[in-house]
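S.K.: Quick one, fold the following:
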Amino acid sequence: MTVGAVLLGALSTHATNYLMERSRNRHQLLTRWDDKKVEAYGAYVDAAKARVALAVRLYEFRENLRDSDLTEQELREDLAAAGRVWGSAFERVMLLGGDDAIEAGHELNATVAEIDWQATGRITGSLGEWRERNRAAFRQINDFHEAARQDLGIQGSVTGEKHPERDLLLPPRERTGGASS
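M.R.: So this is what the prediction gives:
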């Protein structure tokens, strides 16, 4: 009887330790993947914003809205390099991201591509259309943030009543209509 109790106690201890270790390993694995997702989501947004910023520099140079120390060719090369980084960053989102984050990324990708195309002259458009594309990109970045936060189980929101939509940051002269659209 005593031997049976000792064996039962040993088996119970072993089973408990096994289940606790398995639970701990599963938690570590989930945490590790969440960390990777946070990195992938952050890198993707950074890459998308960098690509837009470089497209802005090229567009403004081509439209004689801004001077640059770089040539048009150098600006194009910088934009192309940013496009490669952006593409790699989105591949990580595709590998690790939740369905809604991936879909939000696809929507953002389409708009960022249009910004790139207008900056490089592949498509034409007015300054007003240019600005609307940029506004759409930043709305879609917020949509991506929302989807990423949902995927990661983060409470709260980056849009809505407590966070009104923001507009492009423009100098006062351009906000009041001083620059042609």
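S.K.: which SS class is the most centrally placed residue in the chain?
M.R.: With distances taken as C-alpha atoms, centre = their mean, residue 45 lies nearest the centre of the chain, 2.7 Å away. Taking DSSP: H, G, I helix; E, B strand; the rest coil as the rule, one finds residue 45 in the helix state.
S.K.: got a list of what it touches?
M.R.: Contacts here follow C-beta atoms under 8 Å, 6 or more residues apart in numbering; on that basis residue 45 touches 141, 144, 145. Placement of C-beta: from N, CA and C, glycine included.
S.K.: Let me know the distance separating it from residue 107.
M.R.: According to C-beta to C-beta, to the nearest Å, residue 45 stands 13 Å off from residue 107.
S.K.: Make sure residue 94 is actually in contact with residue 106.
M.R.: No. Residue 94 is not in contact with residue 106 according to C-beta atoms under 8 Å; the separation is 9.4 Å.
S.K.: Spit out the residues that contact residue 45 and residue 107 alike.
M.R.: By C-beta under 8 Å, 6+ apart, no residue touches both residue 45 and residue 107.
S.K.: Point out where the protein drops to low pLDDT.
M.R.: 6-8, 11, 14-15, 17-19, 21-32, 158-181 (pLDDT under 70).
S.K.: picking up where we left off before, could you check how far the residue nearest to the centre of the chain is from residue 35?
M.R.: 16 Å.
S.K.: cool, and residue 121?
M.R.: 41 Å.
S.K.: from the middle of its chain, how far away would stretch 38-55 be?
M.R.: 6 Å (C-alpha atoms, centre = their mean, to the nearest Å).
S.K.: Then stretch 145-158?
M.R.: For stretch 145-158, the distance to the chain centre is 12 Å (C-alpha atoms, centre = their mean).
S.K.: For that stretch, output the C-alpha coordinates as PDB.
M.R.: C-alpha atoms of stretch 145-158 as PDB (Å, rounded to 0.1, in the frame of the first residue of the first chain):
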ATOM      1  CA  HIS A 145      -2.300  49.700 -36.800                       C
ATOM      2  CA  GLU A 146      -5.900  48.700 -35.800                       C
ATOM      3  CA  ALA A 147      -5.700  45.300 -37.400                       C
ATOM      4  CA  ALA A 148      -2.200  44.700 -35.900                       C
ATOM      5  CA  ARG A 149      -3.400  45.700 -32.500                       C
ATOM      6  CA  GLN A 150      -6.400  43.300 -32.800                       C
ATOM      7  CA  ASP A 151      -4.100  40.500 -33.900                       C
ATOM      8  CA  LEU A 152      -1.800  41.000 -30.900                       C
ATOM      9  CA  GLY A 153      -4.700  41.300 -28.500                       C
ATOM     10  CA  ILE A 154      -3.900  44.900 -27.500                       C
ATOM     11  CA  GLN A 155      -6.800  46.800 -26.100                       C
ATOM     12  CA  GLY A 156      -7.800  50.300 -27.300                       C
ATOM     13  CA  SER A 157      -7.900  51.900 -30.600                       C
ATOM     14  CA  VAL A 158      -5.800  54.400 -32.700                       C
END
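S.K.: With that, I have no additional questions.
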